Every structure is written in structure tokens, then in C-alpha cells.
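In: curious how this folds, go ahead:
(one chain, ligands or ions: 2)
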Amino acid sequence: MPGGYVPVADKISIIIPTYNEKDNIAPLLSRVAQALSGYSYEILIVDDGSRDGTVEAASDLASRYPVRVIVRCDERGLATAVVHGLKSATGDIIGVMDADLQHPPEVIPALIKAIREGADMVVASRYIEGGGCPHWGLSRKIISRVALVISHLLLPSTRPVKDPLSGFFMFRRRNLAKAKLKPIGYKISLEVMLTGRFQNVVEVPYIFEDRSAGKSKLNPRQQIDYLRHLFSLMARTGELGMLLKFMAVGLSGVVVNEGVYWLLTRFGGLAAYDYLAVVIGIEVSIITNFILNDTFTFAKRRRGKSFMGRLLKFNLICLAGAAIQWGLFMLFTRVFGVYDLLSNFIGIVVAFLWNYFVNRNWTWR
Ligand SMILES: Nc1nc2c(ncn2[C@@H]2O[C@H](COP(=O)(O)OP(=O)(O)OP(=O)(O)O)[C@@H](O)[C@H]2O)c(=O)[nH]1
Ligand SMILES: [Mg+2]
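Out: Ligands and ions are numbered 1, 2, ... in the order given. Alright, predicted model coming up:
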């Protein structure tokens, strides 16, 4: 257990990372305390050396609310601050939320209820009915949606959750006992969800409020950190391994494709029917690729699905991939006048991504 603490069953620890949030502290603590009255709880503020008096504002209120303030001086970052707070949290139920009141504390009892009713983790969600971000401009909405689609695509186990990137969530700490948390950037919910043992993740809607006071710490660097974090999670959850295996199998398919063509045209009597030999080469390599992917790349993902169903899906997806490659080749060479080898290469890359992600999310989901 991190920090050697023995967590107290059913006690709630709310971890709040802060950086320059002085004017939000008093209303935040008052609303959290109001929402949690009657519960056994503690609030942990994890501050990264704010210079605006956030720490003093929180410490001054420690006599009125069960709040502890932890100051980190050597590190910065929202997600690692939460991991730091977790080490000294004493509750068995852990909640995480922002300090700027964009996460309305009044939602906390609904999160606790879901946990007590059996959820391992509960996410306050902007993207289910009853939730939303009415104050966001178009560009923020688009960035958030794109980030969501990428997470669902690259980490398919997040797909059942509509808002896996929410910074407002709660979970039972025991489900995280064996996890090695190594987050990068902002998305601590993803790190928790994918490294812990969470079978039953529930969502509760909430409206993402406007910032009450203080300034946003969002910047373009976080988008890079998000991609680095996704890559790290892909490596740690086995997704990257599957992608690399799929790539190796694809290369073996090139050898099969060429080999079948060579055999048929040189020894199989199809010398005058090379257009037919090409088609047979493609189909044979699709089938050998399927067998290798089914027994090697996605061996652990076959359960409960029919062999013929998987073969059919794979075949269709790969034929569509070939059509995409051909279409892009024609588009780039004929319309944009791009060098033919480069056009073909672009087609190969896009078709590979199509083949991998559609197969991963459909054939072997
Ligand atoms: N400890 C710590 N907290 C941070 C850091 N960066 C941000 N936070 C806190 O994390 C929470 C979320 O940060 P925000 O800047 O509000 O991010 P956001 O909600 O995505 O962006 P806005 O909608 O623009 O507010 C707030 O409570 C911040 O004070 C950091 O480096 N360290
Ligand atoms: Mg905020």
C-alpha cells in the first residue's frame, strides 16, 4: 500500500491538486464540507509551490475543515500531485477533483452512492445525458472530443466509459493496490483506470462549470504530454505490443503475397494470367495474416467470438484497406501530382492504420 498507510474502510479522502488557486480555496472547502456533512472524510490539498497564498489560505481553514495541505517543492504536474496525495490519504474511498469549482462539489454524494452500490470506480461525466460543458467555446469542445476519440481508439478498454478523461472521479483504493502509477501530464483518471483493477466503472453526469477565479493552467504542452501518456499506457497495457506484432505479421504477408504470385506465374500455369495471380496472392496473404494475427497478435482476445466471423471481418477490413490504398494512390498521383512511390507509401501507411485499428476495435475488440 503506498506510503504504508492502512486505509480506513468507507472513509473518503478527497484529493485536490492546486496551483495558484487562492481565491477558490474558501468557497471550495465550504462547498465540499457541505456536500460531505455526515460522512467520515478528509480533504488533501496537494500544492506545487503556489506563490499567490493558496497554501496559507488552505492552512488557515484547517481548524474549520478536516483539510491537510501537502506542499511539493521539487516537482510540478497535476497527475503526479494526485499520486503524491494518494500516498498520505487515509481513506479507502478516494475522490479526485479540481480546485477551481469547475467540478461542482454537490455531485460528490452521487459519486459516493455509486461506489457504495458496488462500482469500483465512478467517473463524473460530461458526455452522458445530463452532463455537459455549456461554457466552452468551439475550439475547446473540438480539442476535448478529439482527445476522447484518440483515447477510445488507442486504448480500447476505455471505450465503455464515455468520459474517461474526466478529472473528477472516485474509486476504491484497494482496486489500485498493485498498480504502478506513472502518469504524465493531466489525465490521472486514465492512469488510475488502466493500471488498477476496475471491472465495474460507472458514470454520473455533471455540468462542467465556468472557472470561478484564478487562471487556467492549460497550455499546448499538455497536448504533447497527453500523447506521451497515451503512448506510455499503450506500452504498459500491451496495446503497443499488439500493434508491433500486427506490423510484423503484415510484413510476413508481403513475403507470402510475392511468393504465391511467383509460384503461380512461374510454376502454376498462370504465366499468361498475372492479373489473376495477383488477386490470389492478395487473398492467400490475407488468410495467412489472419491466422497469424488470430493465434499470435490477438491470441488473448479471441474468447467468445466465432472463428468464421473473425475471418470474415478481417477479410472485409483488409479488402477495404486495399481500396483505401488504391484510392489514395490515385488521389495523390492524379489530383495532387505527387511522386508515385511517395503516393503509394502514404496509401500503405493509411491502409495499415485502418487495418490495425478497425480490426483491433471490431474483429478482436
Ligand atoms: N499541484 C498541481 N496542481 C495543478 C497543476 N496544474 C494544474 N493544477 C490544478 O489542477 C486543476 C485543474 O487545472 P486547470 O488549469 O483548472 O485545468 P482545466 O480545468 O483543464 O482548465 P480550465 O478549464 O481552463 O480551468 C486545478 O485545481 C489546478 O490548480 C500543477 O502543476 N500542480
Ligand atoms: Mg479548471
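In: CA atoms for contacts and neighbours, from now on please.
Out: Noted.
In: what residues sit buried inside the longest helix seen in the chain?
Out: Counting by DSSP state H, the longest helix found in the chain is helix 239-266. Within helix 239-266, the residues that count as buried by 16 or more other CA atoms under 10 Å are 239-240, 242-243, 245-247, 249-250, 253, 256-257, 260-262, 264-265.
In: so what does that helix touch, helix or strand wise?
Out: If you count contacts as 3 or more CA pairs under 8 Å, 6 or more residues apart in numbering; DSSP states H and E, helix 239-266 packs onto helix 220-237, helix 274-292.
In: ok, the most centrally placed residue in the chain - contacts?
Out: Nearest to the geometric centre of the chain sits S151, at 3.9 Å (CA atoms, centre = their mean). Going by CA atoms under 8 Å, 6 or more residues apart in numbering, S151 touches 158, 230.
In: pLDDT averaged over stretch 99-112 - what is it?
Out: Computed over stretch 99-112, the mean pLDDT rounds to 97.
In: show me the contact partners of that stretch.
Out: Residues outside stretch 99-112 that contact it (CA under 8 Å, 6+ apart): 16-18, 21, 24-25, 28, 31-32, 35-36, 97, 122-124, 168-170, 204, 206-214.
In: among those, name the ones in helices.
Out: Among the contacts of stretch 99-112, the residues falling in helices (DSSP H) are 24-25, 28, 31-32, 35.
In: for the nearest residue to S157 once chain neighbours are set aside, report the pLDDT, please.
Out: Nearest residue to S157, sequence neighbours excluded (CA to CA, 6 or more residues apart in numbering): L194, at 8.0 Å. pLDDT for L194: 97.
In: then P2?
Out: With respect to pLDDT, P2 has a value of 49.
In: likewise for K215?
Out: 85.
In: ligand 1 contacts on the stretch 51-200 of the chain?
Out: Within the stretch 51-200 of the chain, the residues that sit near ligand 1 (CA under 6 Å from any ligand atom) are 76-78, 81, 98-100.
In: report the contact partners of A179.
Out: Contacts here follow CA under 8 Å, 6+ apart; on that basis A179 touches 195-196.
In: can you tell me the helix or strand for it?
Out: A179 belongs to no helix or strand when elements are defined using DSSP states H and E.
In: ok, now how distant is it from V335?
Out: Here A179 is placed at a distance of 51 Å from V335 (CA to CA, to the nearest Å).
In: got it, and D23?
Out: Taken as CA to CA, the span from D23 to V335 is 57 Å.
In: compare the two (neighbour count), which wins?
Out: Neighbour totals were compared for D23 and V335, and D23 leads with 17 against 10 (other CA atoms under 10 Å).
In: on that earlier part again, how close does the residue nearest to the centre of the chain sit to Q199?
Out: When distance is defined by CA to CA, S151 is 18 Å away from Q199.
In: and if you look at H229?
Out: H229 is 22 Å from Q199, by CA to CA.
In: my guess is V284 meets N257, correct?
Out: Yes - here V284 reaches N257: they are 7.0 Å apart, a contact under CA atoms under 8 Å.
In: need the residues of the stretch 201-350 of the chain near ligand 1, please.
Out: For the stretch 201-350 of the chain, the residues in contact with ligand 1 (CA under 6 Å from any ligand atom) are 211, 216-218.
In: output those as JSON lines; include the columns neighbour count and distance to D340.
Out: Converted to JSON lines, those look like this (neighbours: other CA atoms under 10 Å; distance: CA to CA, whole Å):
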{"residue": "R211", "neighbour count": "15", "distance to D340": "52"}
{"residue": "S216", "neighbour count": "11", "distance to D340": "47"}
{"residue": "K217", "neighbour count": "9", "distance to D340": "46"}
{"residue": "L218", "neighbour count": "9", "distance to D340": "42"}
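In: what segments of the protein are strands?
Out: In the chain, the strands defined using DSSP state E lie at 8-18, 41-47, 67-71, 91-96, 121-125, 169-172, 201-205.
In: tally of neighbours for A272?
Out: Residues lying near A272 (other CA under 10 Å) number 9.
In: pLDDT at it, what is it?
Out: Model confidence at A272 (pLDDT) stands at 93.
In: hmm, E191 and P164 touching each other?
Out: No - with contacts counted by CA under 8 Å, P164 stays clear of E191, the gap being 9.9 Å.
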